[in-house]
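[1] Quick one, structure for this:
(chains A, B, C, D and E)
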Amino acid sequence: MATLMKRYHPPGTPPGTLTRPERTKPTPPRIVLFDYDAHRLDELEDATPAQCAEARGRPSTTWIHVSGHPEVERLRELGAALGLHPLALEDVSNTGQRPKCERFDSQLFVIVSLPVTASGTIRTEQVSLFLIDNLLISFHDGTSDAFEPVRKRLRDSIGNLRTRKSDALLYALLDLVIDHGFPVLEQLGEKIEALESEILHSATRGNLNTLHRLKRGLLTLRRMLWPQREVLNSLLSEQQTLISAPTKIYLRDCYDHTIQIMDLLETYRDMTSSMLDVYLSSVSNRLNETMRVLTVISTIFLPVTAIAGIYGMNFAWQPELKWDYGYFFALGLMVVSAVLPYWYFKRRGWL
Amino acid sequence: MATLMKRYHPPGTPPGTLTRPERTKPTPPRIVLFDYDAHRLDELEDATPAQCAEARGRPSTTWIHVSGHPEVERLRELGAALGLHPLALEDVSNTGQRPKCERFDSQLFVIVSLPVTASGTIRTEQVSLFLIDNLLISFHDGTSDAFEPVRKRLRDSIGNLRTRKSDALLYALLDLVIDHGFPVLEQLGEKIEALESEILHSATRGNLNTLHRLKRGLLTLRRMLWPQREVLNSLLSEQQTLISAPTKIYLRDCYDHTIQIMDLLETYRDMTSSMLDVYLSSVSNRLNETMRVLTVISTIFLPVTAIAGIYGMNFAWQPELKWDYGYFFALGLMVVSAVLPYWYFKRRGWL
Amino acid sequence: MATLMKRYHPPGTPPGTLTRPERTKPTPPRIVLFDYDAHRLDELEDATPAQCAEARGRPSTTWIHVSGHPEVERLRELGAALGLHPLALEDVSNTGQRPKCERFDSQLFVIVSLPVTASGTIRTEQVSLFLIDNLLISFHDGTSDAFEPVRKRLRDSIGNLRTRKSDALLYALLDLVIDHGFPVLEQLGEKIEALESEILHSATRGNLNTLHRLKRGLLTLRRMLWPQREVLNSLLSEQQTLISAPTKIYLRDCYDHTIQIMDLLETYRDMTSSMLDVYLSSVSNRLNETMRVLTVISTIFLPVTAIAGIYGMNFAWQPELKWDYGYFFALGLMVVSAVLPYWYFKRRGWL
Amino acid sequence: MATLMKRYHPPGTPPGTLTRPERTKPTPPRIVLFDYDAHRLDELEDATPAQCAEARGRPSTTWIHVSGHPEVERLRELGAALGLHPLALEDVSNTGQRPKCERFDSQLFVIVSLPVTASGTIRTEQVSLFLIDNLLISFHDGTSDAFEPVRKRLRDSIGNLRTRKSDALLYALLDLVIDHGFPVLEQLGEKIEALESEILHSATRGNLNTLHRLKRGLLTLRRMLWPQREVLNSLLSEQQTLISAPTKIYLRDCYDHTIQIMDLLETYRDMTSSMLDVYLSSVSNRLNETMRVLTVISTIFLPVTAIAGIYGMNFAWQPELKWDYGYFFALGLMVVSAVLPYWYFKRRGWL
Amino acid sequence: MATLMKRYHPPGTPPGTLTRPERTKPTPPRIVLFDYDAHRLDELEDATPAQCAEARGRPSTTWIHVSGHPEVERLRELGAALGLHPLALEDVSNTGQRPKCERFDSQLFVIVSLPVTASGTIRTEQVSLFLIDNLLISFHDGTSDAFEPVRKRLRDSIGNLRTRKSDALLYALLDLVIDHGFPVLEQLGEKIEALESEILHSATRGNLNTLHRLKRGLLTLRRMLWPQREVLNSLLSEQQTLISAPTKIYLRDCYDHTIQIMDLLETYRDMTSSMLDVYLSSVSNRLNETMRVLTVISTIFLPVTAIAGIYGMNFAWQPELKWDYGYFFALGLMVVSAVLPYWYFKRRGWL
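    Numbering: from 1, shown residues only, chains lettered A, B, ... in the order given. Prediction:
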């Protein structure tokens, strides 16, 4: 599959179909259920869909976190238990979606991209969030421990997250996902600056390939992060009561971060463009230097060889050959014919 | 005819004229009539205009699908029978139109582009849709079986299409047409990535032509798909009752897909631009290497030849020739004059 | 005068001045007056301003068509007779105006560009239209028979033009002028595609100049056609009763055509840009091939010459010369010194 | 001072300060006062601030025109006499401002750029206009006679300027300043077209520098003229009664001219970009031709020299030298070794 | 840390956290408290948080200025004393923020960038401003004396700053910060113009690196200054009573300055792009000249050497060698074979 494609069903598939897309291998999902208010916190590892459904009605805040890429059967079961919209569920399953924010009746459905670096390349993992009353469901199509800091804040009651509602938890998760862009961009920035100083010093073929890879990484990142700005924007302009006013102040901060990240990505893009120009002129300059060497060598030795050839001819009558100072005359002629044109071209600025 | 042109009438032709545009060959159309509700489905192959007209008043949902490029006479007959607007009919006939969405009184008229790949090149086929109450008429300027999946869903009552109205059928067809972009883009993406790894490894003249063809394919695709976003947008903001609220939720999903497709097309465009840069610098690098070889060879052998020439001169008096070690002296001189400049230029970084 | 300039008065000239701009030669105008309703049509060749003025009050629809570039005196006379606004009249006289749509009280004033090809180059001719009640006045700064199709439709009562008002005539003329873009673009497209296949095969200096001329033609066309979209737009959003609702449906079709034309122009622009890239890399590739030939020749023959020079030296003591197999030894040395470096460079991929 | 900078005060200077900016030399201003209505016109050369202040209350229209760059002291005096806003006065003094339109209570303050050509380069001079009731004050930071045509129209009562109010005078001055763009653009256009035909014929280093200077001229002009569109726009949408409806019709014409000028500037920019491409490929083409000559010469003569070298060796035993036809054999060998590779490379399209 | 990054906390940190970001060294802050009205001014160096808190309630205007990068502990103490919002405080601490304007209830929070040049490179320092009733708090993440001019105006009662409220002080500081762009841009402009005239005269490798550094400086500056336009815009459209109408007139002036600065930055960007083109063609031109020299030398001397080689062969029978004028014949042949091709190629325009 082309690496930039999202997963998709064959055209004509009924909407909301959850068949298993070819070429993707399901990984057993891990469902963790948090149920908390300011005073207590229950944590349930490997919760079943039934346990999840049961948690829905409670007055406390519930967070169901599903990580890994679950089998279609389990996803359908879970979706049915929690009353998730089939179109949203299809997007959860066909990962590689563009970040977006949608409302299905009383459900708020948000997709964001979590940028991660693994063995030198940059990928994004899809994070899908459902906000339904005081229930938050998150799907993370990956297995890293990215969400551990929020879990820790809940368990240890750090900050005021425990005392607030599910919209605050939504903010906390969005903030976490978006802020993951900073270390990834920092790594990118360091690579770009290292490459820049290399290219300014001397340009090799390897530099070019590195530059191309960096540009492509920027392209991918930009494509997956750019729509997040829109997502935050529509959350901020959300008219209904799902998101409270104090949470919106925090989301505004989050919005600022997406803008800062896009800003930086644009700047990096401009920098790589400028670096390509430097690279190309560097290559041209080197060619110039090589050619100047060739021309200097030729300007000096071609006339010498020609004159030597002339006095190496075997004509019966060639008076210079008999002169007493013929040899010196020939050597003198060589020096003159080597130096004169060189001096002339140099003076004209052609060498 | 220039390949990117739509068909058009000579300037000054009265509007709504259905004369046969030159240089296009009509193919016998195939008219299939579906008439269904939740309980029954009638399928009529090769329906006549009269049968189509008769189907108009019924309470059940009717779908008339015309494939192939019909003769002008039959088109006019059909248009009259079903009461289609002459301007719309002209657009159905002059294929190659830009996707658009228009209202003529109670008729909704939509043109979309169906991307297809045939023998390695990408084309689009025009699909024109009329929504009139519970009647949907579709014209497909092509002969492929693209619409079979929807026919199958109707016949086998898969999903809830049979229980819903003509607006749901409109969605199903639009979704089908738009989702055809994904496999086409996937093929394009695979070609682009294959070319990319080839160019990064070594650049040939053939790569350039392939790259140019890919860019042109992207250009064509973009031109025919970009306006579809607008089409979906105007369907979503449609104020009247032609399209029901539940169908709009599905159309929103469809809108998302057009955005994802445009997104991918833009990314591919950026990738091909970047690949051209790599190609060009690759060519420059190769020139540099060739010239370095030439310069090294010349730097070494031109001085040797010149010195050999000097001692091949036939002067009567040329003392070195008589020396006992003259020969070795000359050979030594040659080695020095070949190695010294080479070493000097190398050290200065000019070679 | 720079070829892209419109005609203009010296700065500081009072507005509405109709002095004769320097460097333009008036051609005798031809004024044709049509007066018609559904039942009859009067056609008057070479009408006088007085006859034109008289036609103003009638209940039938009147079309006054002025072709050629009239003398300032006659223009002023005609303007006065028909009550045209002086600023509008100035724009009629100073041709080369940007297409625009203005209202002066009850007058609607429209300027559009008629693209024509003459002897291989593309020009635009200014068409100025006044709509005053049931009177339409058109000025065509040219002498071609472009408007003949509409005249024929009126005379032969083809379509419903005769039964409708002056706004339908305005549409008919606008449609005619805008649709003239299609054959012009088709010609351009054919030239571009011909050039493209030439450049992909082999790039010559002549191709470059052709490409430059094509680009400039596109630039000019774009500049004169782009504002027409805006013109149509403001006609469509015209609030007053000058243009009836049914005519607006037809104008929407016209608007579609301007968009299709701009679309095609943009695509052609992108194609020419891409062709320039192909051209440039083609030139680089050819240089590469030439230099490879030079380097191969030099790599083979420079060492041979140097060795031959060595054994052509005239030293008294040079033992190889006396050997029995000296000659073969020298020839062998030559072969080795020619083949070895060539093989080495080839293997390193430098040749 | 960098040539594109406006004059500015050191950061932290209180707003409205009128200290003398360094590095600018004041020129004695010339203040001309016109006071007119339809029946009479008083013209006062070298008016004093007191005379200006006195003119303020009158029912007739007053025009105070200040040309040259006045000393700060006189400017402050005049500003105080006429009640001009200090921030506006600061902008009058620090010339090089971006064109803009501002309101200070009942004062309308407009800055526009007058393009002038002097000794081959293009500059803009700042024109600042105050409209206060029936008083118009204009500052022209230059000494040319640009405003003479309007003075003449007033004195000779040409057009209807004398019968109208100060807003009509504002229009007349704006129109004059903006229309100065046309001759300047015409000159530029002629230079660009001349350079274009030169570059298409043969490209020299001098062309490149000319092209760069033209581009920079376009850049400067664009920067100083682009905001004028906005200025006209805000004058047209001016809600208050300072500008009458009939004058707005004329200002709309003026707005059209700014658009035409920007249009032309954009087209010239595109043309210069395209010319650079032609220039660069022209340079590449010339290199190609030079290298082809070198390669042909080398392909022919290097093998000849090598063979001649071989038969110039002094081996005791070298049988060809003794042959009767050895000489012809050698010459024949030379011809073959020169022609064969040349023919081969030519056929392969490498030369 | 990549140089363009702002400081940030690890993803998942609770909002409003003020932990000390790694790799940044706190500098002891300097807190200066001004308390003034039209009649008196109290200045307090090294104020304590308690003294600051106490100043909050007073009817006079208070300005608390904090320069240097304070320790987290002191910042938290000060924030608590003055009631600053934790999210705002986090932005004060994590410097490198994008300029922005936010409201937290009755607090107005503004971040702007102060451009400074230090040892040839351009940096921006973050200035954060809080406006709370008649209290203004400013944080300057730097140690330069940038704000001295405003302090002086307060102390010496220059202008009307003392008689007005805290919003006027806000304007004074913003104006100061923004106007710092002018001298920085002037320096940049001078460098760009100097480089331009160097590149137009002769292009060296060093020029390219300088150009790249200039472009990068422009990029950085643009990124940090561009959002200031938005900041001013939102201050101007501020609906609440924090900023009075007269101050808004002055802020409009400030807004103008940000536009002028962005304008200039864009122009400089275009200039550097154009300079790169000139540089690249300059390099190509030089290569052309070098190659022409090489080709001329080769065209002249290669044939001479070849002919000399022929008459230096040792064939027993080689009649020319015996001729009386053989030598002159050979020399003549050389002249002809050197001059003829040269003349031919010259005439064809290949040299």
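[2] between the longest helix seen in chain A and helix E:245-310, how many degrees?
    Longest helix in chain A by number of residues (criterion: DSSP state H): helix A:245-310. Counting by axes from the mean of the first three to the mean of the last three CA atoms, to 10 degrees, helix A:245-310 points 20 degrees away from the direction of helix E:245-310.
[3] Can you give me every residue that contacts residue A:250?
    For residue A:250, the contact set (CB atoms under 8 Å, 6 or more residues apart in numbering or on different chains) comprises A:168, A:171, A:175, E:15, E:87. Quick note: C-beta positions are derived from backbone N, CA and C, even for glycine.
[4] Look up phi and psi at the nearest residue to residue A:107 once chain neighbours are set aside.
    In this structure, residue A:107 finds its nearest non-sequential neighbour in residue A:132, 5.1 Å apart by CB to CB, 6 or more residues apart in numbering or on different chains. With angles defined as degrees, to the nearest 10, residue A:132 shows backbone torsions of phi -130, psi 100.
[5] isn't residue A:132 right next to residue A:105, touching?
    No - the criterion here is CB atoms under 8 Å, and residue A:132 misses it with residue A:105 at 9.6 Å.
[6] of these two, who's got more company?
    Using other CB atoms under 10 Å in any protein chain shown, the more surrounded residue of residue A:132 and residue A:105 is residue A:132, with 20 against 9.
[7] Quick check: the more buried one vs chain D, distance?
    Here residue A:132 is placed at a distance of 48 Å from chain D (CB to the nearest CB, to the nearest Å).
[8] Skipping its backbone neighbours, what lies nearest residue A:289 in space?
    The shortest distance from residue A:289 to any residue that is not its chain neighbour, by CB to CB, 6+ apart, is 4.5 Å, and that residue is residue B:350.
[9] Helix, strand or coil: sort out the one you found for me.
    Classification of residue B:350 using DSSP: H, G, I helix; E, B strand; the rest coil returns coil.
[10] neighbours around it, how many?
    18.
[11] Can you give me every residue that contacts it?
    When contacts are counted by CB under 8 Å, 6+ apart, residue B:350 is found next to A:289, A:290, A:292, A:293.
[12] go on, residue A:187?
    In this structure, residue A:187 makes contact with residue A:117, judged by CB under 8 Å, 6+ apart.
[13] Next one, pLDDT for it please.
    Note on residue A:187: pLDDT of 91.
[14] got the residues of the stretch 251-351 of chain A near chain C?
    For the stretch 251-351 of chain A, the residues in contact with chain C under the definition CB under 8 Å from any CB of the partner chain are residue A:312.
[15] Now the stretch 251-351 of chain A against chain D: closest residue?
    Checking the stretch 251-351 of chain A residue by residue against chain D with CB to the nearest CB singles out residue A:312 as nearest, at 7.0 Å.
[16] pretty sure that residue contacts residue D:309?
    No - with contacts counted by CB under 8 Å, residue A:312 stays clear of residue D:309, the gap being 9.9 Å.
[17] anything in contact with each of the two?
    residue C:312.
[18] Give the full set of residues in contact with the residue of the stretch 101-250 of chain A found nearest chain C.
    Nearest residue of the stretch 101-250 of chain A to chain C, counting by CB to the nearest CB: residue A:205, 11.0 Å away. Residues in contact with residue A:205, defined by CB under 8 Å, 6+ apart, are B:282, B:285.
[19] So for it, what's the pLDDT?
    On pLDDT, residue A:205 comes in at 81.
[20] now residue A:177
    Confidence at residue A:177, expressed as pLDDT, is 95.
[21] Figure out the helix or strand that it lives in.
    Taking DSSP states H and E as the criterion, the element that holds residue A:177 is helix A:166-179.
[22] what's the answer for residue A:34, then?
    With secondary structure defined by DSSP H and E, residue A:34 is part of strand A:30-36.
[23] For that strand, give the mean pLDDT please.
    If you average the pLDDT over strand A:30-36, you get 92.
[24] how about that strand, does it reach chain E?
    No - legend: contact between strand A:30-36 and chain E by CB under 8 Å from any CB is lacking; minimum distance shown is 15.3 Å.
[25] and if you look at stretch A:166-185?
    Yes - using CB under 8 Å from any CB, stretch A:166-185 reaches chain E at A:175, A:176, A:177, A:179, A:180, A:182, A:183, A:185.
[26] Quick one: end-to-end length of stretch A:238-252, please.
    Taking CA to CA, to the nearest Å, stretch A:238-252 runs 12 Å from one end to the other.
[27] Report the buried residues of that stretch.
    A:238, A:242, A:243, A:247, A:248, A:249, A:250, A:251, A:252 (16 or more other CB atoms under 10 Å in any protein chain shown).
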